[in-house]
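# need coordinates for the below:
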Amino acid sequence: MRKHALLLLFVVSGWSSSSLAVPIQWSASSGGNGHWYEAVEASLGWESARDFAESRTHLGMPGYLVTITSAAERSFLIANDLPDVLPPHLGIRRAWIGAFQDTAAPDFSEPSSGWRWVTGELWDFESWATGEPNNCCFVGDPSENFAELHAGGDWNDHENAFSNSLLVEYSPVPEPTTPVLLSLGLLGLRWLGKRPPGCRADRPLSLGEADQHPARRARPRAKSRPARRARPPAPRAGMACTVRSTRTSS
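Okay, here's the model as predicted:
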């Protein structure tokens, strides 16, 4: 629904995008991460570019604004002319990337702290141009909290309202890791240990466990019945009953 709404918005506003080349893969065999990358010519602010990137898919993989988390990934983009394939904008070939400044982060401060990737990946690589980020020269927005990639690989901070093209990265949705699966298994065992009364046990209970089981404790015990008095045996057929008197004859 979100994807269709975004496409409708772009069509109604007269905006259109064009992919300048088919997505290219940074293959694992060449030392890459197996992800795919695409340059899209557009005229979007950063937030709109982020939403548009996340509405795209390639080979069933979801897209997002590119995250450049290493020098090797930066070199791959430069070697494949990203974003050099894009037409110049204000004299520079440039495109939005998935970096933004989180103003609510505890480490936030202008101009260089609190930067994050849209994917939540660790921020431990930067490639700012000389003097950047500088939070300078914004028009209309209160600050420059978003990053773009220039031809040659340098980054620059810009305001959200700036119209720009974008680079999209595609990668498979990560599968749960072994620690995650182990945690889920432990949670399941913990749940089994807290079964509500009356749940079927996964193994036969011992006598002691059965007596302590909530369902057994909650069940009222039957009242003990008084022992029945022994009845004299019935006389056999053909036998006469003789009553002896204890009186003496006078």
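
# so residue 145 sits against residue 99, correct?
No: using C-beta atoms under 8 Å, residue 145 is not in contact with residue 99, being 9.5 Å away. The way it works is simple: take the backbone N, C-alpha and C, and place the C-beta from them, glycine included.

# which residues sit against the particular helix or strand that has residue 72 in it?
In the assignment (DSSP states H and E), residue 72 maps to helix 71-79. Residues outside helix 71-79 that contact it (C-beta atoms under 8 Å, 6 or more residues apart in numbering) are 26, 31-33, 37, 66, 68, 83-84, 125, 127, 149, 152-153, 167.

# which of the residues you listed lies closest to residue 58?
Nearest to residue 58 among the contacts of helix 71-79 is residue 37, at 9.7 Å by C-beta to C-beta.

# can you tell me the element that closest one falls in?
Counting by DSSP H and E, residue 37 is part of strand 36-44.

# contacts for that strand?
By C-beta under 8 Å, 6+ apart, strand 36-44 touches 15, 17-26, 49, 52-53, 56, 58-59, 61, 63, 66, 76-77, 80, 82-83, 85-87, 95-96, 163-171.

# ok, now with 7 Å
15, 17-21, 23-26, 49, 52, 58, 61, 66, 77, 82-83, 85-87, 95, 163-170 (C-beta atoms under 7 Å, 6 or more residues apart in numbering).

# angle of the helix holding residue 72 against strand 36-44?
70 degrees (axes from the mean of the first three to the mean of the last three C-alpha atoms, to 10 degrees).

# CA atoms of helix 71-79 as CSV?
C-alpha atoms of helix 71-79 as CSV (Å, rounded to 0.1, in the frame of the first residue of the first chain):
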residue,chain,number,x,y,z
ALA,A,71,36.4,2.0,2.3
ALA,A,72,36.1,-1.1,0.1
GLU,A,73,32.4,-0.4,-0.5
ARG,A,74,33.2,3.3,-1.3
SER,A,75,35.8,2.1,-3.8
PHE,A,76,33.4,-0.3,-5.5
LEU,A,77,30.9,2.6,-6.0
ILE,A,78,33.6,4.8,-7.5
ALA,A,79,34.9,2.1,-9.8
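
# now that helix: mean pLDDT?
Averaging pLDDT along helix 71-79 yields 97.
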